[in-house]
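Peer 1: Generate a structure from the sequence data that follows.
(one chain, ligands or ions: 1)
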Amino acid sequence: MKLLDDYNFENKKALIRVDFNVPLNEDFEVADANRIEAAKPTIIKVLEDGGSAVLMSHLGRPKGARNPDMSLKHICAKVSDIIGIAVKFVEDCVGDEAEKAVQELQDGEVLLLENLRYHSEEENGDEAFAEKLSKLGDIYVNDAFGTAHRAHASTTIVAKYFEGAKCFGYLLAKEIDAIEKVMQTGEKPVLAILGGAKVSSKITIIENILDKVDDLIIGGGMTYTFIKAQGGEVGDSICEDDKMDLAMDILKQAKEKGVNVHIPVDVLAADDFSNDAQTQVVDVDKIPDGWQGLDAGPRTLEIFKNVITNSKTILWNGPVGVFEMENFAKGTISVGNFIDQATQNGAFSLVGGGDSVAAVKQFGFEEKVSYVSTGGGAMLESLEGKTLPGIAAILA
Ligand code: AMP
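Peer 2: Here you go, the predicted model:
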């Protein structure tokens, strides 16, 4: 009993932890409603069963203070629009007023609680606060993947008060499913494409993933630490000299585990970190002083294309170039196109963690890959092999 469909919500109040931490514009209107849309199926299921929904979320970082700029009342109209009924709002998330609003809530109605992080107890994972939250529903539903890596009161601790009455919402279940497909049950060959700026932020992921994949593409700024470690000349490219031993160790481990590692062979180098810089394509291990590699080169992209289109399961984390600058976005766009091709040929593709999601959205690949994760940090920790506390609390 851990999935939403295991429960019938008729005459029940569902206490749903959603991730409504959405961006607001200067008029305090929702600037991007994706996260609200993403929670809709779970809320609708509860209502269609004949139950009511109590929604709790954080917004921004008020750090325990009642900062009116971060009130969830700003988003209430948008939630009403998206759910299709007038959502009620209560100006606290615990205490008498909140309890009264929940008691008065009728089947088929939705109540939005005020920002959880107006109380510092939320982020502290406070037991007494979690117990107060637990009074606001009969069944606890966690549908907030974006905060599942935090042991906060509403994401984790509250679950213990719902023995036999707690489950994952549809969105969280989809995230768990996508990660499992890549890390455990994916059809071979399994490929991970890891890009981004620094080796240091991806080490744990690389080490964990070596046991799961057949192929590993290393791209972006990480490339140069690997190339320099092997004796190449990387010019002024981003490079972590203190991580060169680690890079060599990763290559050794990959070899022992039979993982094929694909590192760029040529790059688009620039004489400045600027979109207007002079550029030239050079071998990755012969970058002249004064030049830096900012994107994958054409021969590299041919190799990447071959590997990607032959894979059946693909994880993509991190751009392979400085995609924010138009002149260095080609590599990242190409990788997106190759993944699109592989997906059309039946591969399962998951994009997640940090900037790859931004890149995917910017270039319109969202509809073309199998799944785009909604949680940056939570996704990274999952890929590192950690059990997320919010997930563990439902399974306990
Ligand atoms: P991450 O958050 O680790 O995925 O890193 C993403 C950032 O890496 C993006 O902002 C890219 O601009 C940056 N990046 C990718 N390739 C390079 C490169 N060759 N040199 C410098 N930064 C890069």
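
Peer 1: Mind giving me the packing neighbours of the host helix or strand of L294?
Peer 2: Secondary structure here is read from DSSP states H and E; on that basis L294 sits in strand 292-296. Taking 3 or more CB pairs under 8 Å, 6 or more residues apart in numbering; DSSP states H and E as contact, the helices and strands that strand 292-296 lies on are strand 266-270, helix 330-344. Heads up, the C-betas are built off the backbone N, CA and C, glycines and all.

Peer 1: try it again with 10 Å
Peer 2: helix 223-229, strand 266-270, strand 279-283, helix 298-309, helix 330-344 (3 or more CB pairs under 10 Å, 6 or more residues apart in numbering; DSSP states H and E).

Peer 1: And the ligand, is that strand touching that?
Peer 2: Yes. Residues of strand 292-296 contacting the ligand under CB under 6 Å from any ligand atom: 293-294.

Peer 1: from here on, count from 6
Peer 2: Got it, the first residue is 6 from now on, which makes the last one we talked about strand 297-301.

Peer 1: Tell me how far that strand lies from the chain's centre.
Peer 2: For strand 297-301, the gap between its own C-alpha mean and the chain's C-alpha mean amounts to 26 Å (CA atoms, centre = their mean, to the nearest Å).

Peer 1: what angle sits between it and helix 335-349?
Peer 2: Orientation check (axes from the mean of the first three to the mean of the last three CA atoms, to 10 degrees): strand 297-301 against helix 335-349 gives 20 degrees.

Peer 1: For strand 297-301, which strands pair with it and how are they oriented?
Peer 2: In the sheet, strand 297-301 lines up against strand 271-275 (antiparallel) (DSSP bridges).

Peer 1: And the ligand, is the strand it pairs with touching that?
Peer 2: No. Counting by CB under 6 Å from any ligand atom, no contacts exist between strand 271-275 and the ligand, the nearest distance being 7.6 Å.

Peer 1: Give me the spatial nearest neighbour of P67, chain neighbours excluded.
Peer 2: Closest residue to P67 apart from its sequence neighbours, by CB to CB, 6 or more residues apart in numbering: M75 at 4.7 Å.

Peer 1: residues from the stretch 56-205 of the chain in reach of the ligand?
Peer 2: 201-203.

Peer 1: which of those has the most neighbours?
Peer 2: Greatest neighbour count in these, by other CB atoms under 10 Å, goes to G201: 20 neighbours.

Peer 1: now it, nearest residue through space, not along the chain?
Peer 2: G323 (3.1 Å).

Peer 1: hang on, isn't F370 packed against V340?
Peer 2: Yes. At 9.4 Å, F370 counts as touching V340 under the criterion of CB atoms under 10 Å.

Peer 1: What residue spans form the domains of this protein?
Peer 2: The chain resolves into domains spanning 9-177, 191-388 when parsed by automatic domain parsing.

Peer 1: Mind putting the ones you listed into a markdown table with mean pLDDT?
Peer 2: As requested, those are arranged in a markdown table below (pLDDT from 0 to 100):
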| stretch | mean pLDDT |
| --- | --- |
| domain 9-177 | 97 |
| domain 191-388 | 94 |
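
Peer 1: For those, give me CSV that also has distance to A401.
Peer 2: Shown next, in CSV, are these (distance: least, CB to CB, whole Å):
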stretch, distance to A401
domain 9-177, 7
domain 191-388, 18
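
Peer 1: Make sure L385 is indeed in a helix.
Peer 2: Yes. Membership of L385 in a helix is supported by DSSP: H, G, I helix; E, B strand; the rest coil.

Peer 1: No more questions from me, cheers.
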